[in-house]
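Q: sequence-free structure coming up:
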């Protein structure tokens with residue numbers, strides 16, 4: 001989760017909320033890709049979790065990164081909770097359990113994305129190594145219980161932590177024990193947004209399958225290939241899921257705003273204070289009659305922050321966020337953005353990808369989403385396996401990237417970033433299944449080797 005927005009412009013009404021999102025429209029020449037990834041810190045010596053405080057804690061890691069990068073600290077009270085690059089647009093933030101997140105800058109090419117990720121991992125390693133800290137590239141923490149997992153000193157997370165058990169059974173697991181990679185992409189018009197949102201929601205389970213990488217929980221196999229994805233099925237269904245209304249005739253910016261207005265709020269931030277308004281309505285805040293803060297009127301910050309607390313499979317803000325994938329290694333981080341850039345930014349590939357899914361019913365889309373955490377590439381829809389769908393989509397993405405013809409200094413185009421995904425489809429084996437095979441074989445049923453196998 002990126003840092004909170006600060007914009008105290010009063011909101012005059014619903015139309016202003018629609019206009020705020022609509023400002024994300026940009027010409028194709030200005031399309032960018034932003035890549036976010038989370039990683040789970042642990043102590044190399046004993047595989048224990050890393051607390052916030054202490055001479056070798058998360059705070060020390062952040063302070064070291066600030067000294068190395070010169071980025072501006074994001075503070076909550078006297079606690080640094082992140083860093084922001086005010087010139088380049090990137091940021092480092094903390095997830096609730098200490099997951100260390102890079103929110104990458106909006107970049108023109110996947111070559112830049114790959115270099116950005118590599119530079120970040122090298123910089124983190126420079127600071128983390130002397131502290132004895134390494135990081136896991138897995139979709140879920142494989143060993144520690146919830147009680148053993150650290151809690152970061154962020155007020156918004158205290159509010160969410162208390163609220164989550166009221167609305168689902170897995171919310172705290174989502175907060176404290178999962179890690180994702182996300183690609184953020186642009187749209188050129190309302191109609192372009194609608195097509196991209198529909199296509200990417202329908203096909204998000206294919207990405208979930210390709211990137212499945214969370215087969216262990218509490219020190220043993222959990223019976224799933226993407227436990228992170230399964231957790232989202234019962235985190236808070238009022239703010240998550242496959243958004244069936246997106247596929248209804250007439251959908252556009254206004255309909256998404258109406259949906260977001262009805263998603264219960266978490267908090268309202270005024271100054272440095274987070275006011276707990278969990279379960280209350282943004283419509284009431286808009287009207288100045290929020291029970292938790294009577295007389296307080298909504299400002300743009302409230303809307304931007306509220307949109308960041310909605311968690312569907314694809315999220316609309318001023319861009320579209322692909323939210324279905326478990327994090328993996330550096331190659332897989334680049335592969336996620338490559339997959340979606342290839343489908344989003346080449347009209348023939350976008351049209352063909354949507355043609356694959358546009359006939360599916362809401363029930364079929366939901367069944368596929370429900371099956372993929374267990375079955376990954378073996379899940380089926382209308383008699384076709386996800387593996388077959390993935391093969392078709394990767395061909396379309398490769399065509400899209402080839403058509404972009406964005407080359408690096410050595411003359412390579414962006415298609416090479418899809419190679420890890422082509423290999424997964426060719427083998428018919430996800431990263432999760434490869435880990436399970438080693439767990440049941442060479443690892444002798446032990447979990448400890450994953451801290452080397454999947455570490456940065």
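A: Structure's in. What do you need? Not measured: the values here are computed from a predicted model.
Q: okay, how far is it across stretch 308-325, tip to tip?
A: Start and end residues of stretch 308-325 are separated by 18 Å (Cα to Cα, to the nearest Å).
Q: Give me the longest strand you can find in the protein.
A: Assignment by DSSP state E gives strand 33-43 as the longest strand of the chain.
Q: In that strand, which residues are buried?
A: 33, 34, 35, 36, 37, 38, 39, 40, 41, 42, 43 (16 or more other Cβ atoms under 10 Å). Where you see a C-beta, it was placed from the backbone N, CA and C, and this is true even at glycine.
Q: Packing partners of that strand?
A: Secondary structure elements in contact with strand 33-43, counted by 3 or more Cβ pairs under 8 Å, 6 or more residues apart in numbering; DSSP states H and E, are strand 100-103, helix 110-131, strand 133-136, strand 180-185, helix 330-344.
Q: Show me the contact partners of the third one.
A: Counting by Cβ atoms under 8 Å, 6 or more residues apart in numbering, strand 133-136 makes contact with 39-44, 50, 56, 61, 100, 124, 128, 142, 179, 450-451, 454-456, all of which sit outside it.
Q: List only buried entries from those.
A: 39-43, 50, 56, 61, 100, 124, 128, 142, 179, 450-451, 454-456.
Q: Who are the contact partners of residue 13?
A: Counting by Cβ under 8 Å, 6+ apart, residue 13 makes contact with residue 286.
Q: Look up phi and psi at it.
A: phi 170, psi -170 (degrees, to the nearest 10).
Q: Please point out which parts of stretch 138-145 sit buried.
A: Buried residues in stretch 138-145 (16+ other Cβ under 10 Å): 138, 139, 140, 141, 142, 143, 144.
Q: ok, the fifth one touching residue 450?
A: Yes: taking contacts as Cβ atoms under 8 Å, residue 142 lies within contact range of residue 450: 5.5 Å.
Q: Touching both of the two, which residues are there?
A: The contact lists of residue 142 and residue 450 share 136, 216, where a contact means Cβ under 8 Å, 6+ apart.
Q: in this structure, which segments are predicted with low confidence?
A: 1-5 (pLDDT under 70).
Q: Now the element after the longest strand of the chain, going C-ward?
A: Using DSSP states H and E, the helix or strand that follows strand 33-43 in sequence is helix 58-69.
Q: Taking their axis directions, that following helix and helix 110-131 sit at what angle?
A: Counting by axes from the mean of the first three to the mean of the last three Cα atoms, to 10 degrees, helix 58-69 lies at 120 degrees to helix 110-131.
Q: And the contacts of helix 58-69?
A: 41, 50-54, 71, 73, 79-83, 85, 92, 94, 98, 100, 123-124, 126-128, 131, 133, 150, 152.
Q: That helix: which residues count as buried?
A: 58, 59, 60, 61, 62, 64, 65, 66, 69.
Q: Let me know the closest of those residues to residue 378.
A: The closest of the buried residues of helix 58-69 to residue 378 turns out to be residue 58 (Cβ to Cβ; 38.2 Å).
Q: which non-adjacent residue is nearest that closest one?
A: For residue 58, ignoring the flanking residues on the chain, the nearest one in space by Cβ to Cβ, 6 or more residues apart in numbering is residue 52 at 4.7 Å.
Q: any idea how far residue 172 is from the one you found?
A: Computed as Cβ to Cβ, to the nearest Å, the residue 52 to residue 172 distance reads 17 Å.
Q: and the residue lying farthest from the centre of the chain, which of the three is it?
A: No residue in the chain sits farther from the centre than residue 295, which is 34.6 Å out by Cα atoms, centre = their mean. Under DSSP: H, G, I helix; E, B strand; the rest coil, residue 295 falls in the coil class.
Q: contacting residues around it?
A: residue 288.
Q: re earlier: with respect to residue 368, which of the helices and strands packed on strand 33-43 lies nearest?
A: Among these, helix 330-344 sits nearest to residue 368 (Cβ to Cβ), with 17.2 Å.
Q: Which neighbouring elements make contact with the closest one?
A: strand 33-43, helix 110-131, strand 180-185, helix 190-210, strand 320-326, helix 347-357, helix 386-404, helix 419-427.
Q: ranges for the strands of the stretch 151-300 of the chain?
A: 180-185, 216-217, 220-221, 240-241, 267-270, 273-276 (DSSP state E, counting those that start in this stretch).
Q: Can I get these in JSON lines including distance to residue 230 and mean neighbour count?
A: Output for those, formatted as JSON lines (distance: least, Cβ to Cβ, whole Å; neighbours: other Cβ atoms under 10 Å):
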{"stretch": "strand 180-185", "distance to residue 230": "13", "mean neighbour count": "25"}
{"stretch": "strand 216-217", "distance to residue 230": "10", "mean neighbour count": "22"}
{"stretch": "strand 220-221", "distance to residue 230": "13", "mean neighbour count": "15"}
{"stretch": "strand 240-241", "distance to residue 230": "12", "mean neighbour count": "20"}
{"stretch": "strand 267-270", "distance to residue 230": "27", "mean neighbour count": "20"}
{"stretch": "strand 273-276", "distance to residue 230": "28", "mean neighbour count": "16"}
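Q: mind checking which of the ones you listed is nearest residue 194?
A: Nearest to residue 194, of these and by Cβ to Cβ, is strand 180-185 at 14.1 Å.
Q: Strand partners (parallel or antiparallel) of that closest one?
A: strand 33-43 (antiparallel), strand 320-326 (antiparallel) (DSSP bridges).
Q: Of those, give the one that comes closest to residue 377.
A: strand 320-326 (13.8 Å).
Q: angle of the closest one against helix 190-210?
A: 10 degrees.
Q: tell me which residues in strand 320-326 are buried?
A: 320, 321, 322, 323, 324, 325, 326.
Q: if we take the residues you listed, which one ends up nearest to residue 284?
A: Once Cβ to Cβ is applied, the member of these that ends up nearest residue 284 is residue 321, at 26.5 Å.
Q: what is the closest one paired to in the beta sheet?
A: residue 184, residue 315.
Q: That one touches residue 187, doesn't it?
A: No: Residue 321 lies out of contact with residue 187 (Cβ under 8 Å); the separation is 12.0 Å.
Q: do you know how far residue 27 is from residue 296?
A: Distance, residue 27 to residue 296, using Cβ to Cβ: 38 Å.
Q: now do residue 403
A: Taken as Cβ to Cβ, the span from residue 403 to residue 296 is 50 Å.
Q: Need the helices and strands packed on helix 330-344 in TSV (columns: distance to residue 440).
A: Converted to TSV, the helices and strands packed on helix 330-344 look like this (distance: least, Cβ to Cβ, whole Å):
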stretch	distance to residue 440
strand 33-43	23
helix 110-131	29
strand 180-185	26
helix 190-210	21
strand 320-326	20
helix 347-357	35
helix 386-404	22
helix 419-427	17
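Q: who has more neighbours, residue 27 and residue 296?
A: Higher neighbour count among residue 27 and residue 296: residue 296, with 17 against 9, using other Cβ atoms under 10 Å.
Q: contacting residues for the more buried one?
A: 268, 270, 285, 288, 290.
Q: I'd like those residues as CSV, with distance to residue 417 appended.
A: Below are those laid out as CSV (distance: Cβ to Cβ, whole Å):
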residue, distance to residue 417
268, 41
270, 43
285, 42
288, 49
290, 46
